[in-house]
Each structure stands twice: as structure tokens, then as C-alpha cells.
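Build me a model from this:
(one chain, ligands or ions: 1)
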Amino acid sequence: MMSSRIAGDPIVDVHTHMYPPSYVKIMEDRNEIPMVRRFPGSQDPRLILLPSEVESMKSDPEGKSKVPGRPLTKHYASLDQKIHFMDTHKIAISVISLANPWFDFLDPAEAGPIADSVNDEFSKMCTKYPGRLFFFAALPLCASAEMIRNSIDHALSLPYCRGFIMGTSGKGKGMDDPEMVPILQHIKENMVFLHPHYGLPNEVYGPRAEEYGHVLPLALGFPMETTICVARMYLSGVFDKCPSLRLLLAHSGGTLPFLAGRIESCIVHDGHLLKEGRLKNRRTIWDVLNQQIYLDAVIYSDVGLRAAVLAGGVDRVMFGTDHPFFPPLETDEQGEWESVTLNVTSVNYALPNQQQVKQVLGGNAVNILKLERIGKEIVAA
Ligand code: 5CU
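So this is what the prediction gives:
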């Protein structure tokens with residue numbers, strides 16, 4: 001593969017999802033989350049994904065008072081629509097990834113071949129737009145270790161693969177499970193994009209949760225899930241056992257930039273860790289943030305973005321959109337999305353100069369994910 005220069009100052013989206021048609025078909029054939037279902041009162045089929053959505057399905061299975069989930073518009077599965085979205089927002093390059101919950105729910109015996117075939121579908125999409133699309137592959141984490149290793153090797157043989165997306169549940173016991181260590185070691189220095197799906201137990205949202213739509217699980221459950229996952233990885237020593245691991249955290253690290261100091265303080269004041277000798281010669285959570293962690297810029301405010309940059313370093317934060325989630329509700333979905341412009345504005349507002357703005361909007365992603373390495377010249381939009 002030869003190296004080429006990317007023209008101009010491209011905007012790069014590192015957090016942008018798709019459900020390819022074959023994956024939508026899997027969800028259509030299911031009657032548990034994740035699933036796609038039609039309801040009499042809704043024009044589009046509905047995509048029902050989150051554990052918190054199960055409660056409303058239980059109390060109103062026919063969706064008579066409130067249709068559950070979100071509309072499955074063509075933004076989720078259509079490549080033309082992805083390119084239209086990119087063009088509308090002047091995004092030169094997208095690193096696309098399967099959205100949650102990946103292959104976590106599949107029968108372990110089937111998960112390997114399905115994952116390889118979905119990753120091949122992603123690869124083909126990238127081939128149609130050389131240089132504009134790359135992808136993070138998804139892994140059959142519910143399958144055997146051998147199958148997972150084979151899928152890692154398969155994905156890495158695909159030219160536009162730039163790493164892996166995975167949820168916080170690992171092989172079912174979380175990312176601090178010792179069985180995840182050889183898997184993360186096998187991934188080597190390729191990026192792992194860690195993304196939430198499971199949120200927090202429904203009870204924490206209280207008995208009136210259904211009145212509040214998706215706000216609590218998405219605004220609070222997702223970020224806390226990511227934060228807890230990374231804290232567990234840190235406390236179990238995953239970052240030391242996998243020194244080449246590079247972790248890109250969704251939603252600017254959940255609440256990690258804000259809570260890292262508190263995590264550190266709880267560690268150094270913990271008698272149990274002291275007695276076990278685990279406080280000696282350790283890297284702090286700040287060290288790990290600056291050495292092995294990258295953050296996306298999907299945080300929707302300059303305050304959050306500043307925290308991400310202060311915690312991670314300006315050269316480790318990368319722009320994202322979370323498309324096709326967070327579409328505009330009252331304006332045309334084919335036009336500009338407020339969720340995207342808010343993230344662009346936050347980057348511009350939070351950073352002191354244009355050099356840093358360009359880094360976060362695209363330059364960092366090009367360098368970190370080696371997006372210049374394709375077989376031909378890339379012409380930025
Ligand atoms: O709106 C949602 O449910 C989601 C989701 O499931 N995954 C995601 O990445 N963003 C929003």
C-alpha cells in the first residue's frame with residue numbers, strides 16, 4: 001500500500017454508525033431486543049434497542065399509547081444516505097462502525113461467520129468510496145476465543161479496517177474479565193472503539209422513567225456505563241497487561257475526564273489496595289488517559305469538550321457525529337443536523353486557535369488512524 005497526502009484540512013467523523021441490510025434482517029427476525037417491529041401508528045418500522053425500552057414494551061406491547069424505540073429510517077442502512085449526510089456536513093472522511101449491540105446477542109456458534117460477513121459488507125462499502133470511508137470492524141465476542149482471533153485476523157486483512165468497535169460487556173463478564181486480555185493482546189496496537197449499550201439497571205431511573213423518554217438512559221446511563229467499564233479495566237490492570245492497547249472512548253469518555261481525579265483520590269485512600277501493594281509503581285489514571293486512551297468529541301458543549309481536551313490532550317480528541325442517531329425531529333433529515341453543528345461549534349468555541357480546531361476536527365484522526373494509507377490519492381471535500 002502506498003502512502004498519499006490528504007488534501008486540505010478534512011473533517012473526519014470517527015463516530016458514525018450503520019446497520020447494513022443483512023444486520024437489519026437479523027433484527028427483523030427477532031422478538032427480543034435488538035429488534036425491528038412495525039406498529040400500526042408508525043410509518044417507519046421501529047428500531048428497539050435498549051434495555052430501558054423493554055419496560056415500555058412490557059406495559060404496552062402493541063404501542064397503543066406510545067410507539068417504542070426510534071424510527072428505522074434509511075439513514076441506518078443506506079450507504080447513499082451516509083454519503084449525503086457527509087456531503088451535507090462537509091465531512092471528508094468517515095470511519096463507519098456497526099452500531100450497538102453488535103453481535104453480543106447472537107448464538108455463539110453462528111456469531112463468527114456472521115461477524116466476518118458483516119465486516120466484509122463494511123469493507124465493500126469502503127471500497128465504493130475509496131479514501132472517504134474506513135471502518136471499525138465488530139467482533140463475535142460471544143463466540144470461542146479461537147473464533148474471535150480468526151475474526152480479528154480476517155478484519156485486519158481488509159484494507160480499510162482501522163480497528164474494532166466493541167461494547168462494555170466483553171465476553172459477557174465485562175472488559176476486566178481475564179479472558180479479554182489475550183483478545184486485546186491479539187488486537188495489538190489497532191484501535192478499540194469502546195461504545196456503551198447496556199446503560200445502568202432500569203431501577204436507577206425510577207418508577208416514572210417511562211415519562212422521560214430516552215433522556216436518562218442516553219444522557220446518563222451510556223456515559224456512566226463507559227466510565228465504569230474503563231475504571232474496572234484500570235483497576236484490574238488491563239492497561240498494563242496490554243501495553244499496546246489503544247482505546248477510543250465514545251461520548252468523550254462518558255464522565256471519565258470529569259471523574260478521573262476522584263477515581264485517583266479513591267485509589268490512593270483505599271486501605272485494601274494499599275495492603276495488597278497495588279499502589280506501588282503504578283501508572284495513574286491520568287497517565288493511562290495520556291498514553292493509551294483517545295476520546296471522541298461527541299459531547300455537545302464546549303464545557304465537556306474542554307474537559308476532554310484537558311484530560312486527554314488536544315492531540316488525542318477526535319470529532320464524531322453519532323449519525324444516524326440524534327436526527328432532527330422538526331426539520332428535514334436531509335438537511336443539516338443540529339446535533340452535528342452543535343459538536344462542530346463546541347470544538348470551535350472550546351479551543352484557543354484554528355490549529356487545534358483543525359486537529360480535533362480531522363487532523364488527529366488522519367494521524368492516529370493512519371487514514372492517509374490507502375492505495376490512491378484522497379481528495380477531501
Ligand atoms: O439513541 C440511541 O438509542 C443510541 C444508540 O442506541 N446508540 C448510539 O450510539 N447512540 C444513540
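
Of all residues in the protein, which one is closest to the ligand?
Closest to the ligand within the chain is residue 325: 3.4 Å, counting by C-beta to the nearest ligand atom. Every residue, glycine included, has its C-beta placed from N, CA and C.

How many neighbouring residues does the nearest residue to that residue once chain neighbours are set aside have?
Counting by C-beta to C-beta, 6 or more residues apart in numbering, residue 325 lies nearest to residue 17, which is 7.1 Å off, once chain neighbours are set aside. Here the count is done by other C-beta atoms under 10 Å, and residue 17 has 21 residues near it.

where does residue 17 land in three-state SS?
Three-state call for residue 17 (DSSP: H, G, I helix; E, B strand; the rest coil): strand.

Pull the distance from the longest helix anywhere in the chain to the chain's centre.
Scanning the chain for the longest helix, with DSSP state H as the assignment, gives helix 108-128. When C-alpha coordinates are averaged (C-alpha atoms, centre = their mean, to the nearest Å), helix 108-128 and its chain have centres 18 Å apart.

residues in the protein within reach of the ligand, list them.
When proximity is defined by C-beta under 6 Å from any ligand atom, the chain lies next to the ligand at 17, 49-50, 99-100, 214, 218, 322, 325.

coming back round to it: over to the residue of the chain closest to the ligand. Which of the three states is it?
coil.

low-confidence ranges in the stretch 101-250 of the chain?
Within the stretch 101-250 of the chain, no stretch has pLDDT under 70.

Can you identify each of the helices in it by residue range?
In the stretch 101-250 of the chain, the helices defined using DSSP state H, counting those that start in this stretch lie at 108-128, 145-156, 180-187, 215, 222-236, 238-241.

how about the nearest residue to residue 73, chain neighbours excluded?
Per C-beta to C-beta, 6+ apart, closest to residue 73 is residue 44, 5.8 Å.

So what's the residue count around that neighbour?
15.

does it really touch residue 71, like I thought?
Yes. Counting by C-beta atoms under 8 Å, residue 44 touches residue 71, with 3.8 Å between them.

With only the CA atoms kept, save the helix or strand that residue 264 is a member of in PDB.
Residue 264 belongs to helix 256-268 when assigned by DSSP states H and E. Provided in PDB are the C-alpha atoms of helix 256-268 (Å, rounded to 0.1, in the frame of the first residue of the first chain):
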ATOM      1  CA  LEU A 256     -14.100   9.900  32.800                       C
ATOM      2  CA  PRO A 257     -12.400  13.400  32.200                       C
ATOM      3  CA  PHE A 258     -14.600  14.900  35.000                       C
ATOM      4  CA  LEU A 259     -14.200  12.000  37.400                       C
ATOM      5  CA  ALA A 260     -10.600  10.900  36.900                       C
ATOM      6  CA  GLY A 261      -9.400  13.000  39.800                       C
ATOM      7  CA  ARG A 262     -12.000  11.400  42.100                       C
ATOM      8  CA  ILE A 263     -11.100   7.900  40.900                       C
ATOM      9  CA  GLU A 264      -7.400   8.700  41.700                       C
ATOM     10  CA  SER A 265      -8.300  10.000  45.100                       C
ATOM     11  CA  CYS A 266     -10.400   6.900  46.000                       C
ATOM     12  CA  ILE A 267      -7.500   4.700  44.900                       C
ATOM     13  CA  VAL A 268      -4.800   6.400  47.000                       C
END
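
what angle separates that helix from helix 222-236?
Computed with axes from the mean of the first three to the mean of the last three C-alpha atoms, to 10 degrees, the direction of helix 256-268 lies at 40 degrees from that of helix 222-236.

May I see the buried residues of helix 256-268?
By 16 or more other C-beta atoms under 10 Å, the buried positions in helix 256-268 come out as 256-260, 263, 267.

Show me how far it is from its chain's centre.
Relative to its chain's centre, helix 256-268 lies at 23 Å (C-alpha atoms, centre = their mean).

and what of stretch 80-95?
The answer for stretch 80-95 is 18 Å, by C-alpha atoms, centre = their mean.

what's in contact with it?
With contact meaning C-beta atoms under 8 Å, 6 or more residues apart in numbering, stretch 80-95 is reached by 6, 8, 10-14, 16, 18, 74-75, 96, 129, 131-136, 162, 321, 323-324, 334-337, 340-341, 344, 362, 365-366, 369, 371, 378, 380-381.

can you tell me the distance between the two ends of it?
In stretch 80-95, first residue to last residue: 15 Å (C-alpha to C-alpha, to the nearest Å).

Quick one: mean pLDDT over it.
The average pLDDT within stretch 80-95 is 98.

before we move on, back to that, what about burial for the contacts of stretch 80-95, which qualify?
6, 10-14, 16, 18, 75, 96, 129, 131-136, 162, 321, 323-324, 337, 340, 344, 362, 365-366, 369, 371, 378, 380.

In strands only, show me those.
In strands, defined here by DSSP state E, the members of those are 12-14, 16, 18, 96, 133-136, 162.

Quick check: of those, which lies closest to residue 278?
For those, the closest approach to residue 278 (C-beta to C-beta) belongs to residue 136, at 32.4 Å.
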